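**Student:** have a look at this prediction, sequence included:
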Amino acid sequence: MRLLITGGLGYLGGRLAQALSKQTNYEIFLGSRRIVESPTWLPSANIVQTSWDMPTSLDKLTYGIDSIVHLAGMNAQDSSANPVAALDMNGLATARLLHSAIRQGVKRFVYLSTVHVYGSPLSGVVTEEMCPSSLHPYASSHRAGEDVVREAHNRGEIEGVVIRLSNSFGAPAHQSVNCWTLLVNDLCRQIVTSKKMVLHSSGQQTRDFITLSDACRAIQHLLELPVDKLDDGLFNVGGMFTTTILEFAMILQAHASKKFTDDIPVLHLSEEIDEISPHFKLCTDKLSQTGFELTSNQDFEIDSLLDFCINSFKK
């Protein structure tokens, strides 16, 4: 399979490319705005330049490709700062790439969205049947990208898959990745750089977490799933475990105590402050019914992330 991964030099893209490179049936192309050589962390990959506003360039990018995993997009912080750019990147650029893929005969198009489209804060049992309600630019722009993929799938123009991913965590593929605004990654970096963890809340908010390894496995599973099992192509991916931010920080604290002689305190705001922190459960039954199971080791992923931070940030 000739596979194009947009955002292939990024956080999830790098780990996905590394995982799939171990499979002999994949020839991997990593989309990048920059012209760079094949990375040292994945020398077998082909780097292809991406120009999002040029249809002819996108047609050249998608020519001869069997499947696409579309990961390129603006993160939550940048989307909040520039909602117009977020809609252009997460929505319009997705539409341009999708229609180029259709013109070039690409078989399957996998789009990575976010569970945050459902609302903020999440509450109750969150299934794919729940109506998205978040108005945050990060969520609404991803919803725009979702809609064009799902419509093309419903029309039979391409095998479209939309993944609503929860909070993944793990070590990036290389040190150039900027993934340190993500909650768990940020806390691990704090452990190494300041010997403490600072939460800018009470930590009572509930989150669903999944290892980066399992997230990559889920993407591969949906890349290879027979079309008759795709249904409408929409899947929640997450559900490894649901816990509060403070409880997860305590898990990190226990792992850090085995690597450092210093105690790692967790600093947070008082639990008496008025914070809405409803309990929720991300339902991934739809994905499970296709035969996917979570198998990755949470402890190994945390230790690998801490080791990466030690190698990258410890003076």
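**Tutor:** Structure's in. What do you need?

**Student:** pLDDT of the single longest helix found in the chain, averaged?
**Tutor:** Assignment by DSSP state H gives helix 137-154 as the longest helix of the chain. Computed over helix 137-154, the mean pLDDT rounds to 97.

**Student:** where do the helices sit along this protein?
**Tutor:** Using DSSP H, helices in the chain cover 11-21, 55-62, 76-81, 83-86, 93-103, 137-154, 183-194, 212-224, 245-257, 285-288, 298-313.

**Student:** so which bits of the second one are buried?
**Tutor:** Taking 16 or more other CB atoms under 10 Å as the basis for neighbour counts, the residues of helix 55-62 that come out buried are S57, L58, L61, T62. (Each C-beta comes from the backbone N, C-alpha and C, glycine too.)

**Student:** what's the answer for the fourth one, then?
**Tutor:** Taking 16+ other CB under 10 Å as the basis for neighbour counts, the residues of helix 83-86 that come out buried are P83, A86.

**Student:** quick one: it to chain centroid distance?
**Tutor:** Helix 83-86 has its C-alpha centroid displaced from the chain centroid by 19 Å (CA atoms, centre = their mean, to the nearest Å).

**Student:** packing partners of that helix?
**Tutor:** Counting contacts by 3 or more CB pairs under 8 Å, 6 or more residues apart in numbering; DSSP states H and E, helix 83-86 is packed against helix 76-81, helix 137-154.

**Student:** switch to 6 Å and redo it
**Tutor:** helix 137-154 (3 or more CB pairs under 6 Å, 6 or more residues apart in numbering; DSSP states H and E).

**Student:** what's the helix it packs on in contact with?
**Tutor:** Surrounding helix 137-154, the residues in contact under the criterion CB atoms under 6 Å, 6 or more residues apart in numbering are 76, 79-80, 83, 86-87, 90-91, 94-95, 98, 111, 113-114, 116-117, 132, 158, 160, 162, 233.

**Student:** related to what we said a few turns ago, can you say which of the helices of the chain is nearest to G203?
**Tutor:** When the helices of the chain are compared for distance to G203 using CB to CB, the nearest one is helix 245-257, at 2.9 Å.

**Student:** next, the angle from that closest one to helix 183-194.
**Tutor:** Per axes from the mean of the first three to the mean of the last three CA atoms, to 10 degrees, the angle that helix 245-257 makes with helix 183-194 is 40 degrees.

**Student:** send the alpha carbons of helix 245-257 over as PDB?
**Tutor:** Once non-C-alpha atoms are left out, helix 245-257 reads as follows in PDB (Å, rounded to 0.1, in the frame of the first residue of the first chain):
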ATOM      1  CA  ILE A 245      -6.200  15.200  35.700                       C
ATOM      2  CA  LEU A 246      -5.000  15.100  39.400                       C
ATOM      3  CA  GLU A 247      -5.300  11.300  39.500                       C
ATOM      4  CA  PHE A 248      -3.200  11.000  36.400                       C
ATOM      5  CA  ALA A 249      -0.600  13.400  37.800                       C
ATOM      6  CA  MET A 250      -0.400  11.100  40.800                       C
ATOM      7  CA  ILE A 251       0.300   8.200  38.400                       C
ATOM      8  CA  LEU A 252       3.100  10.200  36.800                       C
ATOM      9  CA  GLN A 253       4.400  11.100  40.300                       C
ATOM     10  CA  ALA A 254       4.700   7.400  41.100                       C
ATOM     11  CA  HIS A 255       6.700   6.700  37.900                       C
ATOM     12  CA  ALA A 256       8.900   9.700  38.500                       C
ATOM     13  CA  SER A 257       9.800   8.500  42.000                       C
END
